[in-house]
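Enquirer: let's see this in three dimensions:
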Amino acid sequence: MAPKTTAAVKAKKVQTIPATLGRFTSAPIASLRKRKVAGYARVSTDHDDQFSSYTAQVDYYTNYIKSRDDWKFVNVYTDEGITGTSTKHREGFKSMIADALAGKIDLIVTKSVSRFARNTVDSLTTIRQLKENGTEVYFEKENIWTFDAKGEVLLTIMSSLAQEESRSISENCTWGHRKRFADGKVTIPYKHFLGYDKGPDGNPVVNREQAKTVKRIYGLFLKGMTPYKIAKKLTEEKIKTPAGCDKWSAPSVLSILTNEKYKGDALLQKTFCEDFLTKKMKVNQGEVPQYYVENNHEAIIDPGTFDMVQTEIARRTAENNRHSGIHILSHKIRCGECGGWYGNKIWHSNDKYRRMVWRCNQKYKIKGKVCIAPFLEEKDIRERFTRALNKLLDGSDSAIRACEEALLKTLDVSEPERKRDELLSEMENLNGMLQHMIHLNAAVPQDQTLYKSRFEELSRKFNETEAKKNAADKKIQSMRERRGAMKQFIRNLRGQNTRVTEFSENLWCALLDYATAYADGRLVFRFKNGSEIEG
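Expert: Okay, the predicted model is just below:
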């Protein structure tokens, strides 16, 4: 039996329902609603020669947007003298994005992808954020509309090219800076640097008034004051900081005390840019070369005094920052029995017999033992130092001759410096050979066993040479510090033409290294030329 036939299948009919909303405005197609349009202009430097470019961009986008009947002018957002590698400090850019996300902007018009952002990640992230919120961006130079299907692909390519261009520019700038460093050209941040102004030829010129403060800081430190105490004193006296602020800090004082520019030299490339996108600066710990320029400009602090300060900083640091700047005698008297330092103690603090004495700080701190070193009266210390000083002055001619002989023979740094320079040259050659090996191994197939053996041998030689160079540096630094202390000692000794009748704080700080107190009552003063005299 044949199956029943069904009714004929009706033909498929497709009916088009036209769009009623504008693609770019989200408003009815027939409405006269205009797109809210903003422009974005940016120049990457604040130099005068960029001003015309900046002004031209603002004028161009203002007139361009207003000339369109279907666009409503919102604003031209601008960033002047700001890099495009990050959106972090671009206030105009951030304001524009905030307004777009708040619904105040439908379309952003800008010159090119590189004007918008040179960082690929920033660029794409921002574009997607705007797209999700219904805001389109038009890059005029590349003719890219971000709502277009192929817009993001083109944008990714162009953003990558813009980032690569920024990297190339950054490397060129870095090369220029390092070339200037290698040529010994010194730059100083004069607005935040106390003691120097920029001279007509671009080199540092001493600011005589500010130099007084610098010299005073060095003088106070050598008299025993700590950076904290010096900062407090300068703040109380209402002396301006290098940045022009009213309040000094201990790090600011320490920075002045350790800056080689104050003795006329300059260490270049102390920091370097670690990432061209973030512009993050890093302290140079050997990643890139440094350059030391001697006698570059007029010194404010003579090299001898500068080296003395570095020695004193190192001494205080080695003793775990236990140095006290409260009193001129602090940390200047050693116990000859236990090796501790003397400190001031108050006896009878609440009655009429109140007095201050100096006693070994370790007297009751040694387990099962009491230090037998005697206490000392400040008046007695001062008198005994004056006696010892006069003994030194009586033989000052022979003391000066001994110091000068030491400077000529044992403290001559010319030979150690020559050997150090040879080691530096050898390090440079070995480093070049290592870099060449690495590059060749990456470019051409190598026998890896042989490559590894050669590489390890060169690395061993480089490390050994570097260790020798570091040891030479320490020896030279130690000799320079001793030379500086010796020269300063000679100057101070020559400047004191007569016997001393009373205790002198200046001579105590300038000539004395430390004093040692013994249980038998002796107090021996060790002067900075190495001589020891009992007072």
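
Enquirer: could you chop this protein up by domain?
Expert: Structural domains annotated on the chain: 35-173, 190-318, 339-534, as defined by automatic domain parsing.

Enquirer: so which of those comes closest to residue 329?
Expert: Nearest of the domains of the chain to residue 329, taken as Cβ to Cβ: domain 339-534 at 6.4 Å. No exception for glycine: its C-beta is placed from N, CA and C like everyone else's.

Enquirer: I'd like the average pLDDT over the closest one.
Expert: Across domain 339-534, pLDDT averages out at 84.

Enquirer: hmm, back to that, export the domains of the chain to a markdown table and tack on distance to residue 17 and mean neighbour count?
Expert: Output for the domains of the chain, formatted as a markdown table (distance: least, Cβ to Cβ, whole Å; neighbours: other Cβ atoms under 10 Å):
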| stretch | distance to residue 17 | mean neighbour count |
| --- | --- | --- |
| domain 35-173 | 22 | 17 |
| domain 190-318 | 48 | 16 |
| domain 339-534 | 61 | 15 |
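
Enquirer: reformat these as JSON lines; add distance to residue 331.
Expert: Converted to JSON lines, the domains of the chain look like this (distance: least, Cβ to Cβ, whole Å):
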{"stretch": "domain 35-173", "distance to residue 331": "46"}
{"stretch": "domain 190-318", "distance to residue 331": "7"}
{"stretch": "domain 339-534", "distance to residue 331": "6"}
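
Enquirer: what about stretch 332-348, start to end distance?
Expert: Start-to-end span of stretch 332-348 (Cα to Cα, to the nearest Å) is 25 Å.

Enquirer: again with stretch 127-137
Expert: Taking Cα to Cα, the first and last residues of stretch 127-137 lie 7 Å apart.

Enquirer: can you check stretch 312-332 too?
Expert: From its first residue to its last, stretch 312-332 covers 12 Å (Cα to Cα).

Enquirer: distance check, residue 520 against residue 341.
Expert: To residue 341, residue 520 is 19 Å away according to Cβ to Cβ, to the nearest Å.

Enquirer: which residues in the stretch 1-150 of the chain form strands?
Expert: Here the stretch 1-150 of the chain has its strands, by DSSP state E, counting those that start in this stretch, at 35-43, 71-80, 107-110, 136-139, 144-145.

Enquirer: hey, least reliable of the ones you listed by pLDDT?
Expert: In terms of mean pLDDT, the lowest-scoring of the strands of the stretch 1-150 of the chain is strand 144-145 (a mean of 83).

Enquirer: check which helices and strands it sits against.
Expert: With contacts defined as 3 or more Cβ pairs under 8 Å, 6 or more residues apart in numbering; DSSP states H and E, strand 144-145 has these neighbours: strand 136-139, helix 151-182.

Enquirer: so what secondary structure elements neighbour the helix or strand that comes right after the longest one?
Expert: If I follow you right, that is helix 151-182. Next along the chain after helix 151-182, taking DSSP states H and E as the criterion, comes strand 196-198. Where contact means 3+ Cβ pairs under 8 Å, 6+ apart, strand 196-198 is packed against strand 204-206.

Enquirer: what does the strand it packs on rub up against?
Expert: Strand 204-206 is contacted by residues 186, 188, 190, 195-199, 261, 296-298, 300 when judged by Cβ atoms under 8 Å, 6 or more residues apart in numbering.

Enquirer: hang on, residue 467 in a helix?
Expert: Yes - according to DSSP: H, G, I helix; E, B strand; the rest coil, residue 467 belongs to a helix.

Enquirer: just to revisit the earlier point, the helices and strands packed on strand 144-145: lowest mean pLDDT?
Expert: Mean pLDDT is lowest for helix 151-182 among the helices and strands packed on strand 144-145, at a mean of 60.

Enquirer: ends of stretch 345-365, how far apart?
Expert: Distance between the two ends of stretch 345-365: 15 Å, counting by Cα to Cα.

Enquirer: ok, residues contacting it?
Expert: Residues outside stretch 345-365 that contact it (Cβ under 8 Å, 6+ apart): 329, 333, 335, 337-344, 370-371, 373, 375-378, 381, 517.

Enquirer: same thing but 7 Å
Expert: Here stretch 345-365 makes contact (Cβ atoms under 7 Å, 6 or more residues apart in numbering) with 329, 333, 335, 338, 340-344, 370-371, 373, 375-378, 381.

Enquirer: skipping adjacent residues, who's closest to residue 311 in space?
Expert: Leaving aside its sequence neighbours, residue 311 sits nearest to residue 481 (Cβ to Cβ, 6 or more residues apart in numbering; 4.4 Å).

Enquirer: and residue 509, by the same measure?
Expert: Nearest one to residue 509, counting by Cβ to Cβ, 6+ apart, is residue 223 at 4.6 Å.

Enquirer: and the one you found, what is it in contact with?
Expert: Contacts of residue 223 were listed using Cβ under 7 Å, 6+ apart, and they are 328, 505, 509.

Enquirer: same list (the strands of the stretch 1-150 of the chain) but as a markdown table, adding distance to residue 465.
Expert: A markdown table is the format used below for these (distance: least, Cβ to Cβ, whole Å):
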| stretch | distance to residue 465 |
| --- | --- |
| strand 35-43 | 48 |
| strand 71-80 | 49 |
| strand 107-110 | 54 |
| strand 136-139 | 54 |
| strand 144-145 | 55 |
